[in-house]
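turn this into a model:
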Amino acid sequence: MKTLLLFILIFITHAGFTQPTSFSVTVTGKGQPVILIPGFSCSGDVWNETVDHLKDHYQCHVLTLPGFAGVAPIKTPVLQTVRDEIIRYINDQKLKRPMLIGHSLGAFMGLWISSKAPSLLSKLICVDGVPFISAMSNPAITADSLTKNPMFNAEAVAQNFVNMPAASYEANMTKSMLWQVSDSTRAQQIAHWSAMSDRRTLGYTYVEMSTTDLRNDIAAIQTPTLVLGSLYFNSEATTERVLNEQYKLLKPKTIRVAHTKHFIMYDDPNWFYQQIDQFLSSSN
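I've put the predicted structure just below:
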């Protein structure tokens, strides 16, 4: 028996045993690794065109988070679990100081990872995401005040998502998405991913992100960071003010503003590719 156990231990060690992750991953291309994380309820397919653009020079690891777009849900806390799993994935896969591109919730996740493991990433790109979404209109808001607000009761919010009628969900979500992306076909696709998502996960992750304030935590980040913002209230000046408030304690940052809606990579891909190409290939 001892011999058998020793053989199994040696096999696991030499096989480079890695633990499974709750998120799905597709890997495309060769070169320096880049991890791409989609936003709330989206599939990793939201990055398809970006991967086509990068794959000849970078190895793209595209994630779809648990409970989103058909991937099986997990127990709460969802986002904190995913944060720790992504850090473990990078170490298990022996990815040497990968770069990370995140959109919206994916950008929030990139900031959370880099705050917890400051030396893990070599570069970070935040596409229209911030460290504390609830304070975008009022910087004085705190996470503690929100947790006492019934509007942020996670179980109640999750139940609200569950109660939304299935027959009209996708059509209503498409209308909402037209506030976030200009192309109606893209809006329908994003709404379809939302319809494929686990309703309770939508509610719990909405509350988890809304009540997690990373504005002080990002002071620990040493990773050069590119922040791309869309137009807030159709004003470049407003976007710059909000992003500078949100990212005040993050030192190694560059802020750029696109004249687009929230899905910058869809609304102005040429501008988006120009920004990420310049940043990823820079010597920072």
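
now do the same contact list for Thr64.
Phe23, Ser24, Pro38, Cys42, Ser43, Gly44, Asp45, Gly70, Val71 (Cβ atoms under 8 Å, 6 or more residues apart in numbering). No exception for glycine: its C-beta is placed from N, CA and C like everyone else's.

again, 7 Å this time
Phe23, Ser24, Pro38, Ser43, Gly44, Val71 (Cβ atoms under 7 Å, 6 or more residues apart in numbering).

how close does it get to Lys253?
With distances taken as Cβ to Cβ, to the nearest Å, Thr64 is found 27 Å from Lys253.

could you do Ile125 as well?
Taken as Cβ to Cβ, the spacing of Ile125 relative to Lys253 amounts to 11 Å.

circling back: columns secondary structure on top of the contacts of Thr64, output as TSV?
Written out in TSV, the entries for those read as follows (DSSP: H, G, I helix; E, B strand; the rest coil):
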residue	secondary structure
Phe23	coil
Ser24	strand
Pro38	coil
Ser43	coil
Gly44	helix
Val71	coil
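
out of these, which comes closest to Ala167?
Nearest to Ala167 among these, counting by Cβ to Cβ, is Ser43 at 22.2 Å.

got the contact list for stretch 236-249?
Applying Cβ under 7 Å, 6+ apart, the external contacts of stretch 236-249 come out as 130-132, 136, 139, 215-216, 218-219, 227, 229-232, 253, 255, 257.

between Ile125 and Lys253, point out the one with more neighbours.
Neighbours per residue (other Cβ atoms under 10 Å) separate Ile125 from Lys253, with Ile125 holding more: 26 against 19.

whichever strand or helix holds that one packs against which elements?
When secondary structure is defined using DSSP states H and E, the element that contains Ile125 is strand 123-127. Under the contact criterion of 3 or more Cβ pairs under 7 Å, 6 or more residues apart in numbering; DSSP states H and E, strand 123-127 touches strand 99-103, helix 105-116, strand 225-229, helix 269-280.

right, so the ones you listed: which one is the most enclosed?
Relative to the other members of the helices and strands packed on strand 123-127, strand 99-103 carries the highest mean neighbour count by mean count of other Cβ atoms under 10 Å, namely a mean of 27.

just want the angle from it to helix 269-280.
Between strand 99-103 and helix 269-280, the angle formed by their directions is 150 degrees, by axes from the mean of the first three to the mean of the last three Cα atoms, to 10 degrees.

can you list the strands that strand 99-103 pairs with?
strand 32-37 (parallel), strand 123-127 (parallel) (DSSP bridges).

could you dump those strands to TSV with mean pLDDT and distance to Ser182?
Converted to TSV, the strands paired with strand 99-103 look like this (pLDDT from 0 to 100; distance: least, Cβ to Cβ, whole Å):
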stretch	mean pLDDT	distance to Ser182
strand 32-37	98	22
strand 123-127	98	16
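
please work out which of these is packed deepest.
With neighbours defined by mean count of other Cβ under 10 Å, none of these is more surrounded on average than strand 123-127, at a mean of 26.

got the CA positions of it in PDB?
In PDB, the C-alpha atoms belonging to strand 123-127 read as follows (Å, rounded to 0.1, in the frame of the first residue of the first chain):
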ATOM      1  CA  LYS A 123       0.300  44.900 -17.200                       C
ATOM      2  CA  LEU A 124      -3.400  45.600 -16.600                       C
ATOM      3  CA  ILE A 125      -6.000  47.100 -19.000                       C
ATOM      4  CA  CYS A 126      -9.300  48.200 -17.400                       C
ATOM      5  CA  VAL A 127     -12.000  48.600 -20.100                       C
END
